[in-house]
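S.K.: Sequence and predicted structure below; questions after.
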Amino acid sequence: EVQLVESGGGLVQSGGSLRLSCAASGFTFGTYDMSWFRQAPGKGPEWVSGINRGGGRTYYSNSVKGRFTISRDNAKNTLYLQMNSLKLADTAGYYCAKVIDTLCSPDEWGQGTQVTGSS
């Protein structure tokens, strides 16, 4: 059974930082590309960032480029998202996803971790 368990969310002031983690199990983590998505209240899911299976190629949405950094540790079966210079607009539930075909095509999701910005 595939499991993706996110952690690290919380309440953070604008301009602050958080590091999200996603512990993966139930599949061969190092053979899959992975992505982070987010969903703000009243909105649909938004792709945030993706990383290839080896970790050497990373991709970001324009809204987070230059502020967020995705990484992975295949030995620990863990995906990360370092979030810097947080804005109120980053408030959302953040979900890691195992993807297939493209970085925007998830086939498995975690339960999410909430990030809430404050002024």
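M.R.: Here it is on my side, so go on.
S.K.: CA atoms for contacts and neighbours, from now on please.
M.R.: Noted.
S.K.: and residue 30, that's in a helix?
M.R.: Yes: the secondary structure assignment for residue 30 places it in a helix, going by DSSP: H, G, I helix; E, B strand; the rest coil.
S.K.: Adjust the sequence numbering to begin at 851 for everything that follows.
M.R.: Yes, from this point I'll number from 851; that puts the last item at residue 880.
S.K.: That one and residue 950, how far apart?
M.R.: Applying CA to CA, to the nearest Å, one obtains 13 Å for the distance of residue 880 from residue 950.
S.K.: ok, these two, which is more surrounded?
M.R.: Taking neighbours as other CA atoms under 10 Å, residue 880 and residue 950 compare with residue 880 leading, 18 against 14.
S.K.: Go ahead and flag the most central residue of this structure.
M.R.: If you average the C-alpha coordinates of the chain and look for the closest C-alpha using CA atoms, centre = their mean, you land on residue 886, 2.8 Å from that point.
S.K.: quick one: contacts for it?
M.R.: 897, 898, 899, 900, 931, 944, 945, 946, 947 (CA atoms under 8 Å, 6 or more residues apart in numbering).
S.K.: unless I'm mixing things up, the last one is touching residue 958, no?
M.R.: Yes: shown here, residue 947 and residue 958 form a contact pair, counting by CA atoms under 8 Å, at 5.6 Å.
S.K.: any common contacting residues for these two?
M.R.: Taking CA under 8 Å, 6+ apart as the contact criterion, the residues that touch both residue 947 and residue 958 are residue 854.
S.K.: which one of the two has more residues nearby?
M.R.: The residue with more neighbours, out of residue 947 and residue 958, is residue 947; 29 against 13, by other CA under 10 Å.
S.K.: Any idea what the more buried one is bridged to?
M.R.: residue 885, residue 959 (DSSP bridges).
S.K.: go on, residue 964?
M.R.: Residue 964 has the following beta-bridge partners by DSSP bridges: residue 943.
S.K.: Verify the stated contact: it with residue 859.
M.R.: Yes: counting by CA under 8 Å, a contact exists between residue 964 and residue 859, whose distance comes to 5.1 Å.
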